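A.B. asks: need a structure here:
(one chain, ligands or ions: 1)
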Amino acid sequence: MTGLTESTVRSEVRSWLEANWDPNLGLVEWRNKLIDAGWGAPHWPTAWHGRDLPVGLVPVVEEEFKRIGAVGVAKAGIRTLAAATILAHGSDMLKSKFLRRSLTGEDTWCQLFSEPGSGSDVAGAVTRADFKGNQWVVNGQKVWTTSAHKADWGLLLARTDWDKPKHQGLSYFILDMKQPGVSVHPLKQMNGYASFNQVFITDAIVPPENLVDEVGRGWAVCTTTLMHERRGADGLRSWNQASDRPERIYAEERAEIATTMEPYKWYPQRAGRVDLIMQRAKETGGIDDPVIRQDIAKVLIMSKAAEWTARRARTAQEQGKPQGPEGSLGKLASSYIARAAARVHTELTGADALLSGEDSPMNGLIAEILVSVPATSIAGGTDEIQHNIIAERVLGMPKEISVDTGKPFRDVPRNTVR
Ligand SMILES: Cc1cc2nc3c(=O)[nH]c(=O)nc-3n(C[C@H](O)[C@H](O)[C@H](O)COP(=O)(O)OP(=O)(O)OC[C@H]3O[C@@H](n4cnc5c(N)ncnc54)[C@H](O)[C@@H]3O)c2cc1C
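C.D. replies: Coordinates of the predicted model:
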C-alpha cells in the first residue's frame, strides 16, 4: 500500500467505525465484520484479511478504536504466534481454515515444543510423527505447555526422520488437542497458578493437510514461531482491556478475558511491574532514599532503552527488513528489567515483600512479582540461550561445540530414547 499518510488512514478508519461500530452486536459477529473490512489486522496482506498497511500506521488505527470504544480482534496468547507462523509458512488451505478464527478468538492455541529431555535444545525433540496409511500418527510427551488445558489446537514440533541430522528430521504440524490421543495434565507453579501442563500424546492423528510447510522443514517453521515469541517478549499479556460498560459486546469480551486469558493473569507480574515502581516509591517513602533512587533510575532507564529497541525492531519490520537480533536482545533485556524491578520492589517494601494474603503489601502482589519474575528468564528460550544466539549470530563469535551435528539423529547420544 503506497501513498498512505496518517491522516488518510485516520479518516478512513474513523468513518468506517462511525458507520459500523455497534456495541450491541455479538463479539464474533463484530469481529467478522472487522475482518471483512480489513480493519481487524490491517498490516496483514490484503489476500488474508488485512490491508497491507505499514506496521507503523497500525497505532493510528488502534487510536481510533480506542476513541470510539470499539472492540478489536482477539490478539493475545499463542494464537498470535500461530497466525504469524501460518501466514509465513502455511498452505492456502491452512490460512483459510485458521487465520480468520484466530482473529475472531473462536480458536485457542498452545505451543507443543518443549519436552522433558529437550527444552533449550528444542531441536532435540523425540516426540515422533509417523506417516501410516494416509495420516500422521503422533506419539510422545510435551511439557510446560501454556494453555494446553484450554487449547483447541497445538503447534507441534515432531520428529519425522531419525536418519537425518537433528535439525533436518523435524516437521511442524497443527494438532487437534480435543482428540482421545491427547491427554493434558496441569502443573502448579510456585506463584500458585497452573498455566502450563504436561501433554501426553498417544497415537494422536494429524491429517496430511495439517503439516505446516514441507516434511523436514520443521526447524525453519519453529524458528519463525520463536522469533515472533521473542520479539513479543512479554507482549503475550497485551490483551484488550476489559471495559465495564453494559452493552452485549463488552460483556462477551469480559467473559473472554476471564476464561481464555486466565493462564496469563500473572504475566504483568512476571515482567516486574515497572509501572508500579514510582507509585510504590512515593507510598513507602523510598523515593527519598538516595540509594534506592539510583536503583529506580537504573530500572527506568533500562526499560526506556528496551522500549526504543522494540521501536527499532518495529521500524525494521515496517521497512520490510528480515527479523534481526532485536528479538533476542529484547527478550534478554526484559529478563534484566524484570529482575532489577523485583529488586527495587524488595528494597521499597522490605521483608514484608515476602508476605501474601489480604493484609500483605498490595494484597500479595509484591510477593507475586518476586515469585513470577524468574519465568521471564526461562520462557521462550533462557537467558543463556539468548546469550549464545547474540554471541554467534550478532557478534560473529565461534559456534558452541556441538557433538550432534551431521550424524543421523538416531545415533546422537541423548537422555531419552524412543
Ligand atoms: C512461563 C513459561 C511458559 C512456557 N510456555 C511454554 C509453552 O507454551 N510451550 C513450550 O513448548 N514450552 C514452554 N515453556 C518451556 C520453556 O520454553 C523451557 O522451559 C525453556 O526452553 C528451557 O528449557 P528447560 O526448562 O528444559 O531447561 P533446560 O534446557 O534443561 O536448561 C537448564 C539450564 O541449562 C542452561 N542451558 C541449557 N542449554 C544451554 C547451552 N547450550 N548453553 C548455556 N546454557 C544452557 C539453561 O539456560 C538453563 O539455565 C515455558 C516456560 C515458562 C517458564
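A.B. asks: use CA for all of it now, contacts and neighbours both
C.D. replies: OK.
A.B. asks: need the residues of the stretch 1-150 of the chain near the ligand, please.
C.D. replies: Counting by Cα under 6 Å from any ligand atom, the residues of the stretch 1-150 of the chain close to the ligand are 110, 111, 112, 113, 114, 118, 119, 120, 121, 144, 145, 146.
A.B. asks: which residues sit in contact with the third one?
C.D. replies: I take that to be residue 112. 142, 143, 145, 154, 155, 156, 157 (Cα atoms under 8 Å, 6 or more residues apart in numbering).
A.B. asks: can you tell me who it pairs with across the strands?
C.D. replies: Beta-bridge pairing of residue 112, defined through DSSP bridges, involves residue 156.
A.B. asks: gap between it and residue 200?
C.D. replies: Counting by Cα to Cα, to the nearest Å, the gap from residue 112 to residue 200 is 11 Å.
A.B. asks: repeat that for the fifth one.
C.D. replies: To residue 200, residue 114 is 12 Å away according to Cα to Cα.
A.B. asks: can you count the residues close to the residue nearest to residue 157 when sequence neighbours are not counted?
C.D. replies: Sequence neighbours aside, residue 172 is the residue nearest to residue 157 in space, at 4.8 Å (criterion: Cα to Cα, 6 or more residues apart in numbering). Neighbours of residue 172 under the rule other Cα atoms under 10 Å: 27.
A.B. asks: doesn't residue 172 fall inside a helix?
C.D. replies: No: per DSSP: H, G, I helix; E, B strand; the rest coil, residue 172 lies outside any helix segment and is strand.
A.B. asks: isn't it up against residue 158?
C.D. replies: Yes: using Cα atoms under 8 Å, residue 172 is in contact with residue 158, at 6.4 Å.
A.B. asks: mind listing the shared neighbours of the two?
C.D. replies: With Cα under 8 Å, 6+ apart as the test, residue 172 and residue 158 both reach residue 218.
A.B. asks: for stretch 372-384, buried residues please.
C.D. replies: Neighbour counts over stretch 372-384 (16 or more other Cα atoms under 10 Å) mark 372, 373, 374, 376, 377, 379, 380, 381, 382, 383 as buried.
A.B. asks: which residues in the stretch 201-350 of the chain form helices?
C.D. replies: For the stretch 201-350 of the chain, the helices defined by DSSP state H, counting those that start in this stretch occupy 218-232, 248-260, 267-270, 277-284, 290-318, 326-349.
A.B. asks: any chance of these in a markdown table, with mean pLDDT and mean neighbour count too?
C.D. replies: Converted to a markdown table, the helices of the stretch 201-350 of the chain look like this (pLDDT from 0 to 100; neighbours: other Cα atoms under 10 Å):
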| stretch | mean pLDDT | mean neighbour count |
| --- | --- | --- |
| helix 218-232 | 88 | 20 |
| helix 248-260 | 90 | 17 |
| helix 267-270 | 93 | 22 |
| helix 277-284 | 97 | 16 |
| helix 290-318 | 89 | 16 |
| helix 326-349 | 93 | 23 |
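A.B. asks: closest to residue 59 out of the ones you listed?
C.D. replies: helix 290-318 (11.6 Å; Cα to Cα).
A.B. asks: and that closest one, what does it pack onto?
C.D. replies: On a contact count with 3 or more Cα pairs under 8 Å, 6 or more residues apart in numbering; DSSP states H and E, helix 290-318 meets helix 326-349.
A.B. asks: what does the next helix or strand after the helix it packs on rub up against?
C.D. replies: Sequence order places helix 365-372 as the next helix or strand after helix 326-349, per DSSP states H and E. Applying Cα under 8 Å, 6+ apart, the contact partners of helix 365-372 are 190-191, 266-267, 269-273, 342, 345-346, 353-356.
A.B. asks: relative to helix 326-349, how tilted is helix 365-372?
C.D. replies: Per axes from the mean of the first three to the mean of the last three Cα atoms, to 10 degrees, the angle that helix 365-372 makes with helix 326-349 is 140 degrees.
A.B. asks: gap between the helix or strand just after helix 365-372 and the chain center?
C.D. replies: Where DSSP H and E defines the elements, the next helix or strand beyond helix 365-372 is helix 383-389. Centroid displacement of helix 383-389 relative to its chain, using Cα atoms, centre = their mean, to the nearest Å, is 18 Å.
A.B. asks: packing partners of helix 383-389?
C.D. replies: With contacts taken as 3+ Cα pairs under 8 Å, 6+ apart, helix 383-389 sits against helix 326-349.
A.B. asks: now the helix it packs on against helix 290-318, angle please.
C.D. replies: On the basis of the same axes, to 10 degrees, helix 326-349 is oriented at 160 degrees to helix 290-318.
A.B. asks: what's the offset of helix 326-349 from the middle of its chain?
C.D. replies: 18 Å.
A.B. asks: same for that helix, what does it pack against?
C.D. replies: Using 3+ Cα pairs under 8 Å, 6+ apart: helix 326-349 touches helix 218-232, helix 277-284, helix 290-318, helix 365-372, helix 383-389.
A.B. asks: buried residues in the last one?
C.D. replies: So the one you mean is helix 383-389. 383, 385, 386, 388, 389.
A.B. asks: of those, which are in range of the ligand?
C.D. replies: Applying Cα under 6 Å from any ligand atom to these, those adjacent to the ligand are 383, 385.
A.B. asks: turn the buried residues of helix 383-389 into a markdown table, including distance to residue 196 and pLDDT.
C.D. replies: What follows is those, written out as a markdown table (distance: Cα to Cα, whole Å; pLDDT from 0 to 100):
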| residue | distance to residue 196 | pLDDT |
| --- | --- | --- |
| 383 | 20 | 95 |
| 385 | 21 | 92 |
| 386 | 22 | 91 |
| 388 | 26 | 92 |
| 389 | 26 | 89 |
